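Trainee: Take a look and give me a structure for this.
(2 chains)
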Amino acid sequence: MREDNHDTTAPRAEEVRVGVYVCHCGGNISDVVDTAAVAEAASRHPQVAVSRDYLFMCSDPGQKLIIDDILANGINRVVVAACSPTLHELTFRKALERAGLNPYLYEHVNIREQCSWVHKADHGAATEKALRLTLAGVEKVTRQDPLEAIQVKAERHVVVIGGGVAGMRAALSLAQRGLAVTLIEKSGSLGGRVAELDTVFPTEESARELLRELSEALLQEERVSVHLHSQVEQVEGYVGNFTVRLRTEAPGAPAPATQEVTAGALVMATGYDHYEPYAGELGYGQVPEVMTLPEFQRLLSDTPESRSTLLFGGREVRSIAFVHCVGSRQVEGVHQPDSDGHINEGCSRVCCTAALHTINRTLDRFPGLNVYDLYRDIRTYGRGHEEYYEAASKKGVLFLRYREDGLPQFQASKGGGPHTLTVTDWLTWGEEVTLPVDLVVLATGMVPRDISGLVGLLKLPTGTDRFLQEVHPKLRPVELANNGILLAGTCQGPMDIGESCAAAQAAASKASILLAKPTIELDPFVARVNEARCDGCGRCLAECSYGGALTMVERAAGSGTRRVAEVNPALCSGCGACVAVCEPRALDVAGWTLDQFDAMVDAITAEPALAGVGG
Amino acid sequence: MRSETMSQPAETLRADVLVVGAGIAGLQASLDLADQGKTVLLVERQPSIGGRMINLSKVFPTLDCASCITTPRMASVAHHPNIRLLTYTEVSSIDKVEGVFHARVTRKPRYIDEQQCIGCRRCEEACTTYLPDEYDHGLGARKAISIPFTNAIPQLPVLDMENCLLCGSCAKACPADCIDFLQQPRPVELEADAVILTTGFDLTELGAKKQYGGASYPNVLSPLQMERLLAPHGPYGSVLRPSDGKKPDSIAFVQCAGSRDQSLGVPYCSRVCCMYAIKQAMLLSGSLPIADITIYYMDIRAFGKGYEQFYQNARAMGIEFVKAKVGRIREDEEHNAILRIERQEDGGRPEEVTHDLVVLSLGMVPAWKPTEGGMIPVEAGTDGFIRCPKAKVSPTLTSLEGVFAAGTAIGPKDIVDSIVDAGAAAMEAASYLEQRSSVRRHTPDVARALPQSGPGPLEAAVTGAVLAGAGEGN
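Mentor: All right, here's what the predicted structure looks like:
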């Protein structure tokens, strides 16, 4: 730690006194960047009054350094050079607030992702870059005025999109918490994929009872309104104040009905689709005896309890092979991509237990069956799941392990006997085994449902797996980058029922937090118009892709009026597209003005500031 | 010097919700409630909040540094106006009387005046007694009076009275005159309308399997010890063999060394061991690029979002995955570990392999077991974790109304799932409080009048619809 010799008298109102704090991030930064040298060099900047380096700036003692300097050393601008601002910008703004300083008199400089992590091999250059970025931050914050958060009204009403188990759970929790809820379901019934099931693992409850319980609890809630046969047609507005237009096409109704609801938050609970094997994948679509796990579960449910043998196509089934990882854990160059060229690299999480649950149910009813289980890894990870694996082994299920580069091969029967499945089994000697099978059940995975309409409408982020993408799996696991839009269940990725309900409740919690107060605070980094400079050309309007964020208004000027641009701060995203086309420099984004950019570029391109350190 | 005595009248603290355990699940549940406007009493038996997570190096699958994710949450909890934090506090009992929970807790003595201490660590510098550091799992040393770790919250030292020589150096060095050798445990009463149990996990014992050396080999480590070796601010500053300080060339991970094992009484899968072993293997291959790393496994369970890709990346990096059971581990005279393995692929030959460092991928057991009685009468599942009678639809409910549970208190779980759980438990608790207060607000007649309104068009639509849906599936 180091500090200059400035006195600690209170600064003049206009005197800028910057505090610079260089974080070691344990060693994540300081193993590569000479953090002490950066702090020392920054302390020589005329506007910098205090410059320190510390092990973990984000820790409580780290934050206390800043607070103490603001209170005791008259620091009135703060630069922290640390990790990515997505992690900790907010942490430090809050620290400024606690010390009574405007939280926007703060600049976060990323010297971890942008320096130590990418320039591991060249400590000297990484240190030099870290210093330049830090000095650019100092220049920027020196030109920063205090800003005020934008206040928007919070509508205590939530729209939940999707009436499967996650949507129902989210709606119920929100209503029980005292919020009004509109639940929108595309089909004619609630329950989604769970309604396809008979019993559920590991509780062995009836899926029907489980849904009945949820729907009855929902009906108790006056605050919930359910719209079946309905889809979201248009969404306008912003967090706290979305306007959702939904379109209902009830069967038998003379015409579709549309309706608008105003909501403070949206919950995405649009669910998943079963992976659909391509024609000929392990014989699927080629012979009726090859079916997916959901199709087999239906066959089992449709077989009367009284029957002692399992029949399919009028013939007794004596042997079944279950094949895991169909449509999951796919490998490029091995698995056939779908029609859009995608493969599903991820694990679908539920199919191992679902398959073993079904195998146990099948063998409990038809103990004489031969069951083969062709797997890659058995992933019965959940509480009460391993028991199904154990039980299946005890019941005599024959497990064979295949590798991704040796997928099982299906051969349809030619003479009416059983079909055959050939697999290289690695639990023995890598032998090729040929199994006679009456049925083949494909444990198909979960794939993202096509919700491209909603994704486009709401500009939702998706991951490389094409599921909706959370902001951060640990920091904000049920939030999308779109402010006020939350994630519940399998639209985010594979989950079982309990996990979907937990996610739905966590999303409900976030919505409750968002709408807990009458107003919501938004970042003030939005476009501002200097009306004196604006010539009313309207080019900014053409560039703006956020409907309603920019409008042209008439202002009284002399005897007549003149046209100028006006910003709706709640709708503006602060992207800066308008700034770039404004010739008279009448537009600026608060907190990111052109003057600030100019100063930063000058600082970064200045003569090397750090001769002979760090190398 | 001052001292507080037992004769002091017990104080009573009140809040909407009592949260027991300030690991990542407890922190998240507390924040979710506090941000909804509920008041929270958060009790932690360790001297710092942060739980197991703050002790880790980096976390899968993003490889974010654990401190970077945990410390801001710890700081938010510490500064939240709706959260009252009680660290170094043991809960002895929680009773439910007429719908209100009364907890008896004991604030353990740190032997310092917590109000006067400024966290300057001069006591720690002055102390001359070195002891094994629990935070580094015995790999490093700490003083007999010390702040538990760098980013601990609160920044208060604890004097280890059992090992203190009572030399008085710390008291002489303290500028705030706050060392108090006579401090006594202090009972406090807590009152809340709901409880969330986030009591967390312990690892199975390193020495539990005698065949693996029973914790007597210096180079056979627990995964949490490996976390400390990998942490940038860890005990040695790099990965070294504890026996001789050499850089290891050949490192093995033994999977399911405390899970899926009837003989240990842990038949279940611990969910995180595959992923933490893969993560540690990846971090090791970063810090020891020429070392050979082998993972002996039964099944690789990389089931979470992005986990399979993480596993495939590890394979591509050259980490070797061998499907084999490890039957026995012994040591040679240089403390290298000799593993007797039986391959479960390719013919299943038994063979012996030598590694110079071994990590046993231990499993998870509950840190607080309802079956051991005490604290609060919630039921346990057959696995010893708190039972969740409605695991599907209300996964954080316990057998006692008004008590909720989250994270690894209700079964092995990774950090992502624990955090989501914690949000769910907070929502359950908030809804429960809402229902209670609305029942209190309404007269019983009004409350009963609600379902009597008869089946409206909505009810008919929904009930009919659900039945139709289930019918399709059958």
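Trainee: On the pLDDT front, check residue 69 for me.
Mentor: All of this refers to chain A. Per-residue confidence (pLDDT) for A:Asp69: 97.
Trainee: try again with chain B
Mentor: 88.
Trainee: repeat for B:Ala460
Mentor: For B:Ala460, the model assigns a pLDDT of 39.
Trainee: give me the number of residues near A:Lys94?
Mentor: For A:Lys94, the count of nearby residues is 18 (other C-beta atoms under 10 Å in any protein chain shown). Quick note: C-beta positions are derived from backbone N, CA and C, even for glycine.
Trainee: any idea how far it lies from chain B?
Mentor: Computed as C-beta to the nearest C-beta, to the nearest Å, the A:Lys94 to chain B distance reads 8 Å.
Trainee: what's near enough to touch the closest residue to chain A within the stretch 151-300 of chain B?
Mentor: Nearest residue of the stretch 151-300 of chain B to chain A, counting by C-beta to the nearest C-beta: B:Pro232, 2.7 Å away. Each residue near B:Pro232 by C-beta atoms under 8 Å, 6 or more residues apart in numbering or on different chains is listed here: A:Cys25, A:Gly26, A:Gly27, A:Asn28, A:Asp31, B:Ser57, B:Cys65.
Trainee: again, 6 Å this time
Mentor: B:Pro232 is in contact with A:Gly26, A:Gly27, A:Asn28, counting by C-beta atoms under 6 Å, 6 or more residues apart in numbering or on different chains.
Trainee: So which of the residues you listed are in strands?
Mentor: Among those, none falls in strands (DSSP state E).
Trainee: Give me the pLDDT for the closest residue to B:Leu197 other than its chain neighbours.
Mentor: Excluding its sequence neighbours, the residue lying closest to B:Leu197 (C-beta to C-beta, 6 or more residues apart in numbering or on different chains) is B:Ala405, at 4.3 Å. Predicted confidence (pLDDT) at B:Ala405: the value is 98.
Trainee: Show the contacting residues for B:Ala405.
Mentor: B:Leu197, B:Ile386, B:Thr396, B:Thr398.
Trainee: at 7 Å instead, please
Mentor: The contact partners of B:Ala405, by C-beta atoms under 7 Å, 6 or more residues apart in numbering or on different chains, come to B:Ile196, B:Leu197, B:Ile386, B:Thr396, B:Thr398, B:Ala425.
Trainee: top of these by neighbour count?
Mentor: Result: B:Ala425 is most packed of these (other C-beta under 10 Å), 37 neighbours.
Trainee: Quick check: it touching B:Ile196?
Mentor: Yes. Counting by C-beta atoms under 7 Å, B:Ala425 does reach B:Ile196; the two are 5.1 Å apart.
Trainee: list the residues that contact both of these two?
Mentor: Common neighbours of B:Ala425 and B:Ile196, using C-beta under 7 Å, 6+ apart, are B:Ala29, B:Phe404, B:Ala405, B:Ala406.
Trainee: State the pair within those that is farthest apart.
Mentor: B:Ala29 and B:Ala405 (9.7 Å; C-beta to C-beta).
Trainee: Find residues that contact each of the two.
Mentor: B:Ile196, B:Ala425.
Trainee: Any stretches of the chain with poor pLDDT?
Mentor: You didn't pick a chain, so chain A it is. Applying pLDDT under 70 to chain A flags residues A:1-14, A:608-615.
Trainee: Correction: the question concerned chain B.
Mentor: B:1-10, B:440-474.
Trainee: Would you mark the buried spots in the top helix by length along it?
Mentor: Taking DSSP state H as the criterion, chain B has its longest helix at helix B:415-441. Residues of helix B:415-441 classed as buried: B:415-434 (neighbour count, 16 or more other C-beta atoms under 10 Å in any protein chain shown).
Trainee: coming back round to it: contacts with chain B among the contacts of B:Pro232, please.
Mentor: Restricting those to those near chain B by C-beta under 7 Å from any C-beta of the partner chain leaves A:Gly26, A:Gly27, A:Asn28.
Trainee: Now, those that are in helices?
Mentor: Of the positions in the ones next to chain B among the contacts of B:Pro232, not one sits in helices, assigned by DSSP H.
Trainee: need the residues you listed in a markdown table with neighbour count, can you?
Mentor: Shown next, in a markdown table, are these (neighbours: other C-beta atoms under 10 Å in any protein chain shown):
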| residue | neighbour count |
| --- | --- |
| A:Gly26 | 23 |
| A:Gly27 | 16 |
| A:Asn28 | 24 |
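Trainee: So which of these is the closest to chain B?
Mentor: Closest approach between the ones next to chain B among the contacts of B:Pro232 and chain B, by C-beta to the nearest C-beta: A:Gly27, at 2.7 Å.
Trainee: Isn't the closest one up against B:His233?
Mentor: Yes. Applying C-beta under 7 Å as the test, A:Gly27 and B:His233 come out as touching, 5.9 Å apart.
Trainee: what residues does the stretch 301-450 of chain B put near chain A?
Mentor: B:301-303, B:305, B:307-309, B:344-347, B:383, B:391-393, B:395, B:411, B:415-416, B:419-421, B:423-424, B:426-428, B:430-431, B:434-435, B:450.
Trainee: Just send the contacts of B:Pro232 back as TSV, with distance to B:Ala152 too.
Mentor: As requested, the contacts of B:Pro232 are arranged in TSV below (distance: C-beta to C-beta, whole Å):
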residue	distance to B:Ala152
A:Gly26	14
A:Gly27	18
A:Asn28	19
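Trainee: hey, where'd the helices end up in the stretch 201-350 of chain A?
Mentor: Counting by DSSP state H, counting those that start in this stretch, the stretch 201-350 of chain A has helices at residues A:207-220, A:293-302.
Trainee: of all these, which lies closest to chain B?
Mentor: Using C-beta to the nearest C-beta, those put helix A:207-220 closest to chain B, at 4.0 Å.
Trainee: Tell me which residues of that closest one come out buried.
Mentor: Neighbour counts over helix A:207-220 (16+ other C-beta under 10 Å) mark A:Ala207, A:Arg208, A:Leu210, A:Leu211, A:Arg212, A:Leu214, A:Ser215, A:Ala217, A:Leu218, A:Leu219 as buried.
Trainee: residues in contact with residue 155?
Mentor: Here I'm looking at chain A. A:Glu155 sits next to A:Gly240, A:Asn241, A:Thr262, A:Ala263, A:Gly264 when contact means C-beta under 7 Å, 6+ apart.
Trainee: oops, chain B please
Mentor: B:Gln155 neighbours (C-beta under 7 Å, 6+ apart): A:Asp60, A:Pro61, B:Gly119, B:Ile147.
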